[in-house]
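A.B. asks: I need the structure of the sequence given here:
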Amino acid sequence: MPILNRMAELHDEITEWRRAYHANPELLYDVHETAQDVAQKLETFGCDEVVKGIGRTGVVGVVKGRGGDKSQRVIGLRADMDALPIEEMTNLPYASRHKGKMHACGHDGHTAMLLGAAKYLCETRNFDGTAILIFQPAEEGGSGGQAMVEDGLMERFGIEEVYGMHNLPGLEVGQFAICEGPIMASTDEFTVTIKGRGSHAAMPHLGIDPVVVGAQIVSALQAITARNINPLDPAVISVTQFHAGNTYNVIPETAMLNGTIRTLGAEARELAEKRFREMAEGIAVASGASVSIDFRVGYPVTFNHADQTQNALEVARIIAGDERVNGNATPMMGGEDFAYMLEKRPGAYIFVGNGETAGLHHPTYDFSDEAIPHGTSYWAKLVETLLPAS
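C.D. replies: Coordinates of the predicted model:
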């Protein structure tokens, strides 16, 4: 079965919603206008209940199937609403109207696709049970998924399983990709402040150079992934910032390193942090410097549960055909706070093709509107398949 006919009919309307969100991006929890528009649309569609303010600015829509409250089965579908602090460089007619803000990850498309599915489900109600439509703020570093979970999302709405979807540049439009187990990495961050002793650059023996110490730490950290962690356990340590000094002839007093550690398993995550601390502190002591470490535990591994992965695979194959669904996708080292929802309930996270576009978080990225019927059909068919009408 290809994309649903009704989704093809709604394509232009959903595209208009998507482009309106793209032109008006909002960051983190400050998604008030987006959330208000989402809530209004859900009410207009005829959702049985619309709740605002879950996880600060999240929105939840409740759609009951034909059996009303007779069936107790409940599944959740989640989309993210927030944008990124990036200056857009697309020159599109619907480009961001807000300087320094951009939908560079396709959350505008995710929101619009789930709204399209909501409209269809409210019209047809060709299922028994309840579909919970989750519109989440602050995915981009704000732990909005965790905030919604801590606000009682799962318990309040009785969610038994939860599903997420993200667009993927480089994957052909109309294709899907998923894997069982880890599909996205944990995302820990660190700041290392190195304190040496400043001196004239021509007299380095009178000081303790924090730049040299920092350079040694940067190089040594790569040995953690190369020599400490099992080569079969994916792990990445990236130092992304190195700040020190402000003139050419002075050895500074301090230097600062910032970066991230990504892993796909608990054992590798724990070992990476342990060795990171040991190396940074050990190199500093050996050099006569001192360090302070700010280690921030970030998003957990996004882990797809076995049965729910098979559910997602089955539905994707119904929509796209067997040959256009990759059930053994390679996990990615990017992070995703849908992980918090998957820690609370079994579920699965799938990728939908965005075509040969610029990469995620790039200033020339744009969500492909051609992906909309595929994503909305997946959401609708997921509900109808997992909550079949009697």
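A.B. asks: so Gln201 touches Val211, yeah?
C.D. replies: Careful, residue 201 is Ala and not Gln. No - contact between Ala201 and Val211 fails when scored by C-beta atoms under 8 Å: they sit 10.3 Å apart. To be clear about C-beta, it is placed using only N, CA and C from the backbone, and glycine gets the same treatment.
A.B. asks: what do those two both touch?
C.D. replies: Shared contacts of Ala201 and Val211 (C-beta atoms under 8 Å, 6 or more residues apart in numbering): Ile251.
A.B. asks: tell me the secondary structure at the residue nearest the centre of the chain.
C.D. replies: With distances taken as C-alpha atoms, centre = their mean, the residue of the chain nearest its centroid is Glu336 (3.1 Å). Assigned by DSSP: H, G, I helix; E, B strand; the rest coil, the conformation of Glu336 is coil.
A.B. asks: so how far is Asp80 from it?
C.D. replies: 9 Å (C-beta to C-beta, to the nearest Å).
A.B. asks: find the residues that touch each one of those two.
C.D. replies: Counting by C-beta under 8 Å, 6+ apart, the residues touching both Glu336 and Asp80 are Glu139.
A.B. asks: contacts only, for the residue nearest to the centre of the chain.
C.D. replies: In this structure, Glu336 makes contact with Glu139, Gly164, His166, Met184, Tyr299, Thr302, Tyr349, judged by C-beta under 8 Å, 6+ apart.
A.B. asks: before we move on, what about Ala268?
C.D. replies: Ile229, Asn230, Asp233, Pro234, Ala235 are the contacts of Ala268 under C-beta under 8 Å, 6+ apart.
A.B. asks: so the first one makes contact with Ala235?
C.D. replies: What that stands for is Ile229. Yes - with contact defined as C-beta under 8 Å, Ile229 reaches Ala235; the gap is 4.8 Å.
A.B. asks: can you tell me how far Leu133 sits from Glu16?
C.D. replies: Taking C-beta to C-beta as the measure, Leu133 falls 19 Å from Glu16.
A.B. asks: with Ala201 instead?
C.D. replies: Distance of Ala201 to Glu16, computed by C-beta to C-beta: 60 Å.
A.B. asks: outline the domain layout of the protein.
C.D. replies: Domain segmentation of the chain under automatic domain parsing yields 5-184+301-386, 186-299.
A.B. asks: quick one, which of those domains is packed in tightest?
C.D. replies: domain 5-184+301-386 (a mean of 21; mean count of other C-beta atoms under 10 Å).
A.B. asks: mean confidence (pLDDT) on that domain, please.
C.D. replies: Domain 5-184+301-386 carries an average pLDDT of 97.
A.B. asks: end to end, how far does it reach?
C.D. replies: Terminal residues of domain 5-184+301-386 lie 20 Å apart, using C-alpha to C-alpha, to the nearest Å.
A.B. asks: now the common contact residues for Ile229 and Ala235.
C.D. replies: By C-beta under 8 Å, 6+ apart, Ile229 and Ala235 have these common neighbours: Thr263, Ala268, Ala272.
A.B. asks: residues touching the last one, list them.
C.D. replies: With contact set as C-beta under 8 Å, 6+ apart, Ala272 has these partners: Asp188, Ile224, Thr225, Asn228, Ile229, Ala235, Ile237, Ile261, Thr263.
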